[in-house]
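# Using only what follows, build the 3D model:
(one chain, ligands or ions: 1)
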Amino acid sequence: MIRIATEQIQSVSFDGETLYILDQTQLPAVTQYLRITRIEQCWQAIKELKVRGAPAIGIAAAYGLLLGLKDVAADGFDDFYQGFQEKSEYLASSRPTAVNLFWALNRMHARLIAEKEHSVEALRAKLLQEAHAIRAEDEAVCRSIGMHGLTLLHDGMTLLTHCNAGAIATAKYGTALAPVYLAKERGWNLKVIADETRPLLQGSRLTAWELTEAGIDVTLITDSMAAYVMSKGWVDAVIVGCDRVAANGDVANKIGTYGVALLAKAHCIPFYVAAPMSTIDMDTASGDAIPIEEREAGEITNGFGVHTAPPEVKVFNPAFDVTPNELISAIITEQGIVRQPYNETLIELFKQGGNSGEGTRHVES
Ligand SMILES: CSC[C@H]1O[C@H](OP(=O)(O)O)[C@H](O)[C@@H]1O
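Modelled structure (predicted):
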């Protein structure tokens, strides 16, 4: 195994010509970066979870759009805009649940419209600026989520998390794991219990890897052990990421999150969701309107190349589930922490200047 400090890792970066993506399907055994020069490669990397995690998907899509626009030979705005629409809608078809994909594409669209008086050459430069801004802001957003998250925690706590909402799912720090990284900076000793998170094992392959690399105390468990460790009193709080927060506070996150939330409720354990404002979708009223991605059967019947079920067996493989807002103790955002009633507190948050991308809805999930 190649051991490098996680702070050196950049899940997504762009040098103006090439998009570099940390291939998360190869972790933890191999740390390798994909060199992406075509929009089709970006689409495939998102679809196959080579780049994954709502913020990282949005950042990759913003850069992937720039790669696609290299194929758009346009002298005037109208031709360029048509090409932009086509490339944006193509990227929007890669995965349906993580709203950051659409938020990032909408934000690039808003910048294009705002700058429409400029030449096509200038527009390309301004869209590159916007994509870099999306990435740079995400790093600051995640650090701020970490700072706010720390106000809910104290030294010596043990947190249970599900899936991976860590540094590699974002520009840096992560969302759910941001408080863990900042706690280490502060000299605290937080412990993490990580669900392996079937079927794609983001917890064992990614969270356990990230935290081990960072020298943070992490214990890996199977998803089915979460109830037992809670019953033993070993979990002080649960903290997870999200892929889309509806306007009423319902949260779509990796499959299995809903069950963890029910377990936390049963054991009177706080259940926190770390959510960048870019993942809060005020256009979606409640969780039942969030599109849930269904993925191929092979991820379950022969995950990682090992046949563990008859190949002809029927399979249901939703990649996400929805945790009803009443199971969520608090939502941690970069602008602060909100609690029930979420249908009111989330609106207040955006009135304070949230970055929802509303009003620029151009690609729909
Ligand atoms: C910081 S977003 C992390 C979020 O995204 C993951 O989904 P996937 O691995 O399919 O991209 C998971 O739901 C995480 O909580």
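
# Which residues of the stretch 151-300 of the chain lie near the ligand?
Taking CB under 6 Å from any ligand atom, the part of the stretch 151-300 of the chain that reaches the ligand is made up of 163, 165, 169-170, 175, 202, 240-241, 243, 253-254. For glycine as for every other residue, the C-beta is placed from the backbone atoms N, C-alpha and C.

# Can you turn the buried part of these into a PyMOL selection?
The PyMOL selection below is limited to those of these classed as buried (16 or more other CB atoms under 10 Å):
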select buried, resi 163+165+169+170+175+202+240+241+243+253+254
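
# mind putting the residues of the stretch 151-300 of the chain next to the ligand in CSV, secondary structure, pLDDT and distance to Glu115 included?
Listed next are those as CSV, based on DSSP: H, G, I helix; E, B strand; the rest coil; pLDDT from 0 to 100; distance: CB to CB, whole Å:
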residue, secondary structure, pLDDT, distance to Glu115
Cys163, coil, 98, 37
Ala165, coil, 98, 33
Ala169, helix, 98, 30
Thr170, coil, 98, 27
Thr175, coil, 98, 30
Gln202, helix, 98, 37
Val240, strand, 99, 37
Gly241, coil, 98, 32
Asp243, coil, 98, 30
Asn253, strand, 98, 35
Lys254, strand, 98, 37
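
# For Arg3, give me the pLDDT.
According to the prediction, Arg3 has pLDDT 40.

# Likewise for the one 5 residues further on?
Predicted confidence (pLDDT) at Gln8: the value is 69.

# bridging residues for the closest residue to the ligand within the stretch 251-365 of the chain?
Ranked by CB to the nearest ligand atom, the top residue of the stretch 251-365 of the chain for proximity to the ligand is Lys254, at 3.4 Å. Note on Lys254: beta-bridge partners Phe320, judged by DSSP bridges.

# Show me the shaky parts of the stretch 51-200 of the chain.
Scanning the stretch 51-200 of the chain for pLDDT under 70 picks out nothing.

# what comes up buried for the longest helix belonging to the chain?
In the chain, taking DSSP state H as the definition, the longest helix is helix 120-150. Using 16+ other CB under 10 Å as the test for burial, helix 120-150 gives 120, 123-124, 127-128, 130-132, 134-135, 137-139, 141-146, 148-150.

# Name the next helix or strand downstream of it, please.
Downstream of helix 120-150, the first helix or strand assigned by DSSP states H and E is strand 158-161.

# what inclination does the helix or strand that that next one is followed by have with respect to helix 120-150?
As assigned by DSSP H and E, the chain's next helix or strand after strand 158-161 is helix 178-185. Counting by axes from the mean of the first three to the mean of the last three CA atoms, to 10 degrees, helix 178-185 points 70 degrees away from the direction of helix 120-150.

# Just the buried positions in helix 178-185, please.
Going by 16+ other CB under 10 Å, helix 178-185 has these buried residues: 178-184.

# pretty sure Phe320 is in contact with Pro291, am I right?
No - if you go by CB atoms under 8 Å, Phe320 and Pro291 don't touch, sitting 9.1 Å apart.

# between these two, which one's more packed in?
Phe320 (26 against 15; other CB atoms under 10 Å).

# For the more buried one, give me its contacts.
97, 243, 252-255, 257, 290, 292-293 (CB atoms under 8 Å, 6 or more residues apart in numbering).

# how about JSON lines for the residues you listed, with distance to Thr301 added?
Putting the contacts of Phe320 into JSON lines (distance: CB to CB, whole Å) gives the following:
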{"residue": "Thr97", "distance to Thr301": "22"}
{"residue": "Asp243", "distance to Thr301": "24"}
{"residue": "Ala252", "distance to Thr301": "25"}
{"residue": "Asn253", "distance to Thr301": "24"}
{"residue": "Lys254", "distance to Thr301": "19"}
{"residue": "Ile255", "distance to Thr301": "16"}
{"residue": "Thr257", "distance to Thr301": "23"}
{"residue": "Ile290", "distance to Thr301": "26"}
{"residue": "Ile292", "distance to Thr301": "20"}
{"residue": "Glu293", "distance to Thr301": "18"}
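
# Just name the closest of the residues you listed to Trp43, please.
Glu293 (14.5 Å; CB to CB).

# Domain boundaries for this protein, per the record?
As given by automatic domain parsing, the domain ranges for the chain are 6-141, 151-352.
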